[in-house]
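Colleague: Predicted model and sequence follow; I will ask about them next.
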Amino acid sequence: MNTVIETILNHRSIRSFEDKPLTREQIEIIVESAQAASTSSYIQAYSIIGVTDREKKKKLAELAGNQSYVEENGHFFVFCADLFRHEYIGKMEGKDVIPSIESTEKFMVALIDASLAAQNASLAAESLGLGICYIGGIRNNLDEVGKLLNIPERVIPLFGLAVGYPKKMTDKKPRLPLSHVYHEEQYNTDHYEEELTSYNKVISSYYKERTGGKRTDTWTEQMANMLEKQSRMYMKNYVEGQKFNKQ
Ligand SMILES: Cc1cc2nc3c(=O)[nH]c(=O)nc-3n(C[C@H](O)[C@H](O)[C@H](O)COP(=O)(O)O)c2cc1C
């Protein structure tokens, strides 16, 4: 055990922050940490937008499904997949990069890059004693988010990251059994249902304890109920409209 691993294992999403802005130094160390993440072929296919303007944050909170902590936090970052930069580079260098940057592969590269950067940012923030919550809710309406943040073609806002001083701590949420997630040598489904059933028991009693008995649902119930409904089905068109994943 060391302090890095302690920070990682102590993670829980924080949804209530003190009204205290992050300092410029904190913001910069968080962004530098994001930038230190590995990046596919050195492509650095992401951008991060910091939002502090109260009105803008209010609007983002509404767009994200009225999540108050999008407005009330120490700083709000938006992580974007970004190949606008690479179109620009193509022009600078007089090369046709368009078929490549419109491919599914480069779409995946940009998503992976942005996600790795965001997780580094999150860990850096948590290591400073700050709390974080990712906000996928901004994908409810990317046209509006795009207008608000002046997003060009070849850029996709993927998720927000609310960071700040925790006002209320939450409990740590138990994860799937390690053996269900970690396979050796090959994908293994030997004890699949058994593992899910035992995890269900853990989660059901976790919710029971946390809600004073009001909630006792299992993880597989929660997932099936969520996945039964389709959500954000406009995404394919939006992504292609932003000139990603076209071929
Ligand atoms: C990409 C992404 C988007 C998320 N979006 C939201 C969100 O919009 N609102 C929210 O309250 N939590 C959001 N979360 C947090 C998850 O709900 C949370 O990580 C999960 O329930 C596990 O809980 P924990 O982080 O406390 O361990 C998001 C997490 C990720 C990784």
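Modeller: Good, I have the coordinates. Residues are numbered from 1 along each chain as shown.

Colleague: Next, the buried residues of the longest helix seen in the chain.
Modeller: Determined from DSSP state H, the single longest helix within the chain is helix 104-127. By 16 or more other C-beta atoms under 10 Å, the buried positions in helix 104-127 come out as 106-107, 109-127. Using the backbone N, CA and C atoms, a C-beta is placed for each residue, glycine as well.

Colleague: where do the helices sit along this structure?
Modeller: So, for the chain - with DSSP H - the helices run 3-9, 24-35, 54-63, 68-71, 84-93, 98-101, 104-127, 142-149, 178-181, 192-210, 219-228, 235-241.

Colleague: could these go into a markdown table alongside distance to L161 and mean pLDDT?
Modeller: Shown next, in a markdown table, are these (distance: least, C-beta to C-beta, whole Å; pLDDT from 0 to 100):
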| stretch | distance to L161 | mean pLDDT |
| --- | --- | --- |
| helix 3-9 | 16 | 98 |
| helix 24-35 | 9 | 98 |
| helix 54-63 | 12 | 98 |
| helix 68-71 | 10 | 98 |
| helix 84-93 | 20 | 98 |
| helix 98-101 | 25 | 98 |
| helix 104-127 | 6 | 98 |
| helix 142-149 | 14 | 98 |
| helix 178-181 | 24 | 96 |
| helix 192-210 | 24 | 97 |
| helix 219-228 | 22 | 98 |
| helix 235-241 | 20 | 98 |
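
Colleague: about what we covered before: which secondary structure elements does the longest helix of the chain contact?
Modeller: Other elements packing on helix 104-127 under the criterion 3 or more C-beta pairs under 8 Å, 6 or more residues apart in numbering; DSSP states H and E are helix 3-9, helix 24-35, strand 46-51, strand 75-82, strand 131-135, strand 155-164.

Colleague: Quick one: closest of the ones you listed to the ligand.
Modeller: Among the helices and strands packed on helix 104-127, the nearest to the ligand by C-beta to the nearest ligand atom is strand 131-135 (3.5 Å).

Colleague: one step back: so which of the helices of the chain comes closest to L158?
Modeller: Of all those, it is helix 104-127 that lies closest to L158, at 5.5 Å by C-beta to C-beta.

Colleague: If you compare the directions of the closest one and strand 75-82, what angle comes out?
Modeller: 160 degrees (axes from the mean of the first three to the mean of the last three C-alpha atoms, to 10 degrees).

Colleague: Any part of helix 104-127 near the ligand?
Modeller: No - counting by C-beta under 6 Å from any ligand atom, the ligand has no neighbours in helix 104-127; the shortest distance is 7.7 Å.

Colleague: Do you know the pLDDT at the residue in the chain sticking out farthest from the centre?
Modeller: Computed with C-alpha atoms, centre = their mean, the residue of the chain farthest from its C-alpha average is G94, at 34.5 Å. Note for G94: predicted pLDDT of 98.

Colleague: The one 3 residues further on now?
Modeller: On the pLDDT scale, V97 is placed at 98.
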